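**Q** Provide a 3D model corresponding to the input given below.
(one chain, ligands or ions: 1)
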Amino acid sequence: MNKSGPRRRSMVGWYDPRVLAHSAYQMAIANVFGRHSDTRLIEALASQPQSEFDYSAADGDFWFDYVADTGDGWNPTYAIADALAMPALALGDELTHAGKLLVFGGDEVYPYPSRNEYVVRTETPYAHAFAGRAKPDIFAIPGNHDWYDSLVAFSRTFCRPERGFAGCRTKQTRSYFALRLPANWWLCAIDLQLGAELDEPQVQYFQKVAARMDDEARLIFCVPEPRWILEDAYPKHESYEEDTSTRFLEEKVFKRRARVFLTGDLHFYKRHENAEGIQKITSGGGGAFLHPTHAPGAKTLRNGFEEVAAYPDCRTSARLAWRNFLFPFLNPKSGWLYAFLYAMSAWLASASLEASDVIDLPTAIEAAMNAAIRDPLNGMWLVSIVGAFIFFTDTHLRSWRILGGSFHAVLHLAAAFAVGWVALLLTVHAFDLRYGSTVQLLLSGVITFLLGGPVGAFILGVYLFTSIQVFGRHGNEAFSSLRIQDFKQWLRLKVAADGTLTIYAIAIDRVPRQWRDAERGGAATSVPADGRATAPRLIDKVIVKPGRANA
Ligand SMILES: [Fe+2]
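**A** Numbers count the residues shown, from 1 in each chain. Modelled structure (predicted):
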């Protein structure tokens with residue numbers, strides 16, 4: 001890469017302590033201010049009334065693309081952007097064409113939104129992809145990651161038509177929109193903030209749009225997350241119990257016109273279908289790390305929808321989970337957290353130990369436990385650690401959460417003790433230092449710190465592997481740790497003149513790792529320079545015929 005080339009970011013390291021701390025801070029702020037000072041209301045008050053956007057006057061086939069969960073590392077983000085920007089793409093016997101529209105389905109940037117992150121992680125890859133090629137109109141709805149700054153950077157990026165995005169036109173002035181497509185198809189995309197919150201101007205907007213749909217109108221309904229999967233995976237979770245907002249819009253406002261539901265949020269491809277042929281498609285492979293398709297494993301959802309396609313397949317997904325045993329190597333920065341945790345635990349435990357307490361392991365364990373009970377600081381430290389691990393545990397049954405979290409914490413505390421014990425043996429026996437001397441204590445602390453990082457990270461990897469493989473939990477944590485940039489996909493949709501909708505799910509199994517700076521049409525672009533990368537291929541195709549499903 002020469003000096004004038006773009007900044008090609010690597011995948012987000014979710015276990016980097018700085019990313020963890022900043023994400024926690026952003027989420028806390030967003031939960032307070034996002035909910036109490038709703039940016040959607042401010043947008044609605046400040047901007048001109050937004051009508052639907054009319055694309056119904058197309059001649060022949062009308063093509064458009066749908067991408068969600070993009071704006072992570074350069075390799076997967078650009079691989080998808082470049083593939084969808086090609087004027088024509090052959091998929092076996094079928095020739096598909098670049099879309100007139102590009103719809104972003106949520107989570108347009110990682111790990112958290114800011115003007116710079118949108119530019120570097122999302123807009124630059126797409127500007128390179130569209131350089132010297134036809135430029136689609138861009139529409140976007142926010143996902144939870146876009147909401148972490150209460151939608152400020154998202155609004156600046158996608159809701160200012162005078163600004164545009166990646167050299168393309170944007171038209172929306174709000175974080176939700178409706179598109180009138182050819183052959184009486186409509187696409188409505190909603191913003192549910194960080195949960196299932198609908199604001200009044202948004203409801204009024206879609207009521208006005210729905211009033212212009214006739215009885216034969218058919219709807220593609222874009223939502224920010226796959227409630228149909230989540231409510232089955234977390235049946236006791238209060239957020240997923242009653243999805244009144246989406247149901248209200250679907251039933252009362254759109255009068256069950258939706259034939260296709262599109263979403264991202266989970267970073268894989270899954271298609272669910274019911275007996276009436278209604279499609280619920282999760283397509284979150286636009287750039288972010290891969291999520292597992294093998295767990296939780298219910299193939300039939302509670303509302304009668306059946307899983308008919310998944311990418312990557314369950315066997316591949318289950319095989320990838322084994323990489324958690326390499327956790328310390330995949331997430332080296334996570335070691336700092338465990339180094340600190342282990343060194344602090346060993347320090348507090350050793351503070352009240354005498355030379356007579358460390359003659360053998362059982363005596364030392366008993367003395368350390370007594371010390372934890374007697375010393376309030378030591379005791380509070382241990383209680384906070386157990387509390388933190390319970391908070392981290394991914395299950396929404398309180399009893400399981402307490403059990404799993406406590407077990408995980410005890411594993412780490414036992415490992416911290418073992419590491420401290422090894423440090424003590426090394427310093428006293430191998431280095432022949434007097435127990436309790438300044439040099440012995442300092443050296444022991446350094447050894448505990450150095451060993452604690454990789455040991456703690458390894459235990460976390462084993463815990464995540466067991467959680468996902470045995471209990472079907474921690475899908476997010478057990479795969480964000482792997483930082484898998486491959487198995488990316490997006491949707492290409494075609495509305496034919498007779499009203500037939502064809503949805504192509506297109507995947508890239510292995511994205512390029514190397515790029516070359518180039519120029520196309522007088523603008524900077526990047527071209528793949530990695531012989532091991534694979535070409536886009538068709539992984540699923542569904543045809544939705546004209547006519548009302550529920551007529
Ligand atoms: Fe996402």
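**Q** quick one: the strands in the stretch 1-150 of the chain?
**A** In the stretch 1-150 of the chain, the strands defined using DSSP state E, counting those that start in this stretch lie at 53-54, 62-67, 88-91, 94-97, 101-104, 137-140.
**Q** Contacts for the fourth one, please.
**A** For strand 94-97, contacts defined as CB atoms under 8 Å, 6 or more residues apart in numbering pick out 61, 63, 87-90, 492, 494, 504, 506, 538. No exception for glycine: its C-beta is placed from N, CA and C like everyone else's.
**Q** In TSV: those, plus pLDDT and distance to the ion.
**A** Formatted as TSV, those follow (pLDDT from 0 to 100; distance: CB to the ion, whole Å):
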residue	pLDDT	distance to the ion
D61	94	30
W63	97	25
P87	96	29
A88	96	29
L89	97	24
A90	96	30
R492	98	20
K494	97	26
Y504	98	22
I506	98	19
L538	97	24
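**Q** any chance of those in a markdown table, with distance to H145 too?
**A** Below are the contacts of strand 94-97 laid out as a markdown table (distance: CB to CB, whole Å):
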| residue | distance to H145 |
| --- | --- |
| D61 | 33 |
| W63 | 28 |
| P87 | 31 |
| A88 | 32 |
| L89 | 28 |
| A90 | 33 |
| R492 | 24 |
| K494 | 29 |
| Y504 | 26 |
| I506 | 23 |
| L538 | 29 |
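**Q** Between all of the residues you listed, which two are separated the most?
**A** P87 and L538 (17.8 Å; CB to CB).
**Q** Need the strands of the stretch 1-150 of the chain in TSV (columns: mean neighbour count and distance to A533).
**A** Shown next, in TSV, are the strands of the stretch 1-150 of the chain (neighbours: other CB atoms under 10 Å; distance: least, CB to CB, whole Å):
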stretch	mean neighbour count	distance to A533
strand 53-54	14	35
strand 62-67	24	19
strand 88-91	14	15
strand 94-97	15	20
strand 101-104	25	22
strand 137-140	24	26
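**Q** Save those as CSV, and put in distance to W322 too.
**A** Listed next are those as CSV, based on distance: least, CB to CB, whole Å:
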stretch, distance to W322
strand 53-54, 46
strand 62-67, 29
strand 88-91, 31
strand 94-97, 35
strand 101-104, 33
strand 137-140, 36
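**Q** next one: the helix or strand that contains I385 to chain centre, how far?
**A** Assigned by DSSP states H and E, I385 belongs to helix 376-392. Per CA atoms, centre = their mean, to the nearest Å, the displacement of helix 376-392 from the mean C-alpha position of its chain is 29 Å.
**Q** and that helix, what other elements does it pack with?
**A** If contacts are counted by 3 or more CB pairs under 8 Å, 6 or more residues apart in numbering; DSSP states H and E, helix 376-392 sits against helix 334-351, helix 361-374, helix 398-425.
**Q** Among those helices, which comes closest to R520?
**A** Using CB to CB, these put helix 334-351 closest to R520, at 39.8 Å.
**Q** now that closest one against helix 376-392, angle please.
**A** On the basis of axes from the mean of the first three to the mean of the last three CA atoms, to 10 degrees, helix 334-351 is oriented at 150 degrees to helix 376-392.
**Q** Residues in contact with helix 334-351: which ones?
**A** Contacts for helix 334-351 (CB under 8 Å, 6+ apart): 15-17, 20, 327-328, 368, 371-372, 375, 377-378, 381-382, 385, 412-413, 415-417, 419-420, 423-424, 441, 444-445, 448-457, 460.
**Q** For G287, see how far away the nearest residue to A85 once chain neighbours are set aside is.
**A** Leaving aside its chain neighbours, A85 sits nearest to A129 (4.1 Å; criterion: CB to CB, 6 or more residues apart in numbering). Counting by CB to CB, to the nearest Å, the separation of A129 from G287 is 12 Å.
**Q** And these two? Which one has more around it.
**A** G287 (33 against 24; other CB atoms under 10 Å).
**Q** Check the secondary structure at the more buried one for me.
**A** Secondary structure state of G287, per DSSP: H, G, I helix; E, B strand; the rest coil, is coil.
**Q** Would you check that it makes contact with T77?
**A** Yes - counting by CB atoms under 8 Å, T77 is a contact partner of G287 at 3.6 Å.
**Q** helix or strand for D517, which one?
**A** Here D517 is assigned to strand 515-520, by DSSP H and E.
**Q** Convert stretch 206-223 to CSV, retaining C-alpha atoms only.
**A** Output of stretch 206-223 as CSV, limited to C-alpha atoms (Å, rounded to 0.1, in the frame of the first residue of the first chain):
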residue,chain,number,x,y,z
PHE,A,206,-45.9,5.0,7.9
GLN,A,207,-49.6,5.6,8.4
LYS,A,208,-49.5,8.2,5.6
VAL,A,209,-47.4,5.9,3.4
ALA,A,210,-49.8,2.9,4.0
ALA,A,211,-52.8,5.1,3.1
ARG,A,212,-51.3,5.3,-0.4
MET,A,213,-51.0,1.5,-0.8
ASP,A,214,-53.8,-0.3,-2.5
ASP,A,215,-55.1,-3.7,-1.6
GLU,A,216,-52.8,-5.4,-4.1
ALA,A,217,-49.6,-3.7,-2.7
ARG,A,218,-46.9,-6.0,-1.5
LEU,A,219,-44.3,-5.0,1.1
ILE,A,220,-40.7,-5.8,1.8
PHE,A,221,-40.4,-4.9,5.5
CYS,A,222,-36.9,-4.0,6.8
VAL,A,223,-36.4,-4.2,10.5
